[in-house]
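Visitor: coords please:
(one chain, ligands or ions: 1)
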Amino acid sequence: MSHPRCELLAPAGNLEKLKIAIHYGADAVYLGGKQFSLRAQAANFNKDELQEAVNFAHQHAARIFVTVNIFAHNRDFKGLADYLKFLAEIRVDGLIISDPGILSLARKIVPQLKIHLSTQANVTNGESASFWEQQGVSRINLARELSLAEIREIRKKISAKIEVFVHGALCISYSGRCMLSLYLTGRDANKGLCAHPCRYSYRLEEAKRPGQFFPVEEDERGTHIFNSKDLCLINRLPELITAGVDSIKIEGRMKGIYYAAGIVRIYRAALDHIYRCLEKNPVEPVVMGETFMEEIVKLGSRGYTENFIDGSPDEDDMLYSGPRVDQTYVPALLIRKKGPDTLFDIRHKIKQGDRLEYMAQGLANLDFEIKTIYDLNGVRLDQAQPNTLIRLETLPEIDWQEHGLVRKVQH
Ligand code: SF4
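Guide: Okay, here's the model as predicted:
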């Protein structure tokens, strides 16, 4: 195939998640600085961390894209030029922008940096995509509200790269263009502060009957009228790749390390599987099988939808019964330093005799038993608490990899 391989683009809410995502196979990560970025509640990166992120990514042949995707008011431009210059100096690989003003400034000040159009710009048609391409955008993250047929048509209209969200939370409004959170909680979604009130349970009250709620409940657990399931296009990746999508993007900078590790690992394995099949037989449709979805379910979810990919979603794509499907595992250990005495960072209480599962790269899950726990002075422990560093003897011994994760069944 002459077309370069589709990129796996993962979220990085902080340095730790960035390293985990790259370890598990992300080709590129996106992240935000302390300013000018949506997802204000993700820890976000200060300047030193940004530099470290770029260094780490480039040492591992991965790319870093930095979000500068607020809808800017005049006051927001203060300090922006210096920040853009700083990003160029530390050699980030691209900027993710939605505001035409910020785009224009970036083109003038840091013309050497590639600009990706954020999904916040809501590109839903070829003309719009072509317009943005003429503004100097080299990649467009399409609106999530598109069918596969529309993506194919847009592909024909532009030569800029196309990026598509394939996994993660969905907005009930056009991605992020929503005032619900600002009205109800004072937290502005367009500044990255969304409190997700679309997932709340609502009741209907008539003005002259205060306190008397009308029974609009779907069931006894309440009415989640705006509550969308999460996006999951794992089984549609072969079609997206054939449609000429250049990058598949995972949502979730605010999610934890278990999600960062698990979801990147699965999508990496899925992409590798697709390209292996295509190399063997480029015309045969790729069969995805059940394994990928089975692994996704282990990460816990709010239910999954393929959203607009076959046309408009319907009530089956909504989650009426409540906000969460339980997570069966918790992250137990993070491998801090590989070596003869591998160092583990505890994230969930463990004890001697526990059976855990190492999430190896690829999709192998290596089951093992904790034989002995040692603290850093070599003293044997019966058990160990979160946020401590330990060493382990396990049965069987395992070839640990730095930034890998071990999980434990949640009881
Ligand atoms: S309230 Fe819901 S629809 Fe609105 S921005 Fe937040 S997540 Fe999106």
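Visitor: any idea whether the residue lying closest to E295 once chain neighbours are set aside is helix, strand or coil?
Guide: Distances taken as CB to CB, 6 or more residues apart in numbering put I266 closest to E295, at 4.9 Å, once the chain neighbours are dropped. The way it works is simple: take the backbone N, C-alpha and C, and place the C-beta from them, glycine included. At I266 the chain is in helix, as set by DSSP: H, G, I helix; E, B strand; the rest coil.
Visitor: Let me know how buried Y83 is, in neighbour terms.
Guide: 19 (other CB atoms under 10 Å).
Visitor: now L204
Guide: Neighbours around L204, by other CB under 10 Å: 12.
Visitor: can you check the one 4 residues further on too?
Guide: By other CB under 10 Å, the residues close to K208 number 6.
Visitor: from here on, count from 2
Guide: Sure thing, new numbering starts at 2, so read that last one as K209.
Visitor: Quick check: it vs the ligand, distance?
Guide: Remark: distance between K209 and the ligand (CB to the nearest ligand atom, to the nearest Å) = 29 Å.
Visitor: mind checking which helix or strand that residue is in?
Guide: Assigned by DSSP states H and E, K209 falls within no helix or strand.
Visitor: With R153 instead?
Guide: helix 149-158.
Visitor: what does this structure put close to the ligand?
Guide: 172-174, 177, 179, 181-182, 190, 195, 197-199 (CB under 6 Å from any ligand atom).
Visitor: ChimeraX command for the buried members of those?
Guide: Of those, the buried ones can be selected in ChimeraX as follows, counting by 16 or more other CB atoms under 10 Å:
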select :172,177,179,181,182,190,195,197,198,199
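Visitor: if I look at K339, how far off is the ligand?
Guide: Per CB to the nearest ligand atom, K339 is found 38 Å from the ligand.
Visitor: Helices of the stretch 252-401 of the chain, start to end?
Guide: 258-281, 292-298 (DSSP state H, counting those that start in this stretch).
Visitor: which residues touch the shortest one?
Guide: Looking back up the chat, that one is helix 292-298. Helix 292-298 is contacted from outside by 233, 235-236, 263-264, 266-267, 270-271, 274, 305, 364, using CB atoms under 8 Å, 6 or more residues apart in numbering.
Visitor: tell me which helix or strand of this protein sits lowest on mean pLDDT?
Guide: strand 214-215 (a mean of 69; mean pLDDT, DSSP states H and E).
Visitor: Quick check: next helix or strand after it?
Guide: Following strand 214-215 in sequence, per DSSP H and E, is strand 231-233.
Visitor: Give the pairing partners of that following strand; include direction for each.
Guide: Sheet pairing for strand 231-233, assigned by DSSP bridges, gives strand 162-169 (antiparallel), strand 305-306 (parallel).
Visitor: Same list (these) but as a markdown table, adding distance to K299 and mean pLDDT.
Guide: Output for these, formatted as a markdown table (distance: least, CB to CB, whole Å; pLDDT from 0 to 100):
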| stretch | distance to K299 | mean pLDDT |
| --- | --- | --- |
| strand 162-169 | 14 | 96 |
| strand 305-306 | 13 | 87 |
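Visitor: Which two of the residues of the chain next to the ligand have the greatest separation?
Guide: Pairwise distances across these peak at 13.6 Å for G177 and P198 (criterion: CB to CB).
Visitor: ok, back up a step: roughly how far does the residue nearest to E296 sit from the ligand?
Guide: Taking CB to the nearest ligand atom, one finds I267 at 23 Å from the ligand.
Visitor: my read: that residue touches Q362, true?
Guide: No: using CB atoms under 8 Å, I267 is not in contact with Q362; the gap is 11.5 Å.
Visitor: More neighbours: which of those two?
Guide: I267 (26 against 13).
Visitor: Any figure for the gap between the more buried one and T68?
Guide: In this view, I267 and T68 are 24 Å apart by CB to CB, to the nearest Å.
Visitor: got it, and Y259?
Guide: 23 Å.
Visitor: do the same with K162
Guide: 17 Å.
Visitor: Now for the closest residue to the ligand within the stretch 252-401 of the chain, how many residues are close by?
Guide: Across the stretch 252-401 of the chain, the shortest distance to the ligand (CB to the nearest ligand atom) belongs to E252, at 10.6 Å. For E252, the neighbour count with other CB under 10 Å is 21.
Visitor: Enumerate every residue touching it.
Guide: 12, 166, 168-170, 232.
Visitor: Nearest residue to the middle of the protein?
Guide: In the chain, the residue lying closest to the centroid (CA atoms, centre = their mean) is E252, at 3.0 Å.
Visitor: List the buried residues for stretch 71-82?
Guide: 71-73, 77, 81.
Visitor: From the residues you listed, which land in helices?
Guide: L81 (DSSP state H).
Visitor: Please name the bridge partners of P12.
Guide: Y31.
Visitor: so who does it touch?
Guide: By CB under 8 Å, 6+ apart, the neighbours of P12 are 18, 22, 30-32, 169, 251-254, 256, 261.
Visitor: now with 7 Å?
Guide: Taking CB atoms under 7 Å, 6 or more residues apart in numbering, we find P12 in contact with 31, 251-254.
Visitor: can you give me the helices in the stretch 102-251 of the chain?
Guide: Going by DSSP H, counting those that start in this stretch, the stretch 102-251 of the chain shows helices at 127-135, 149-158, 181-186, 238-243.
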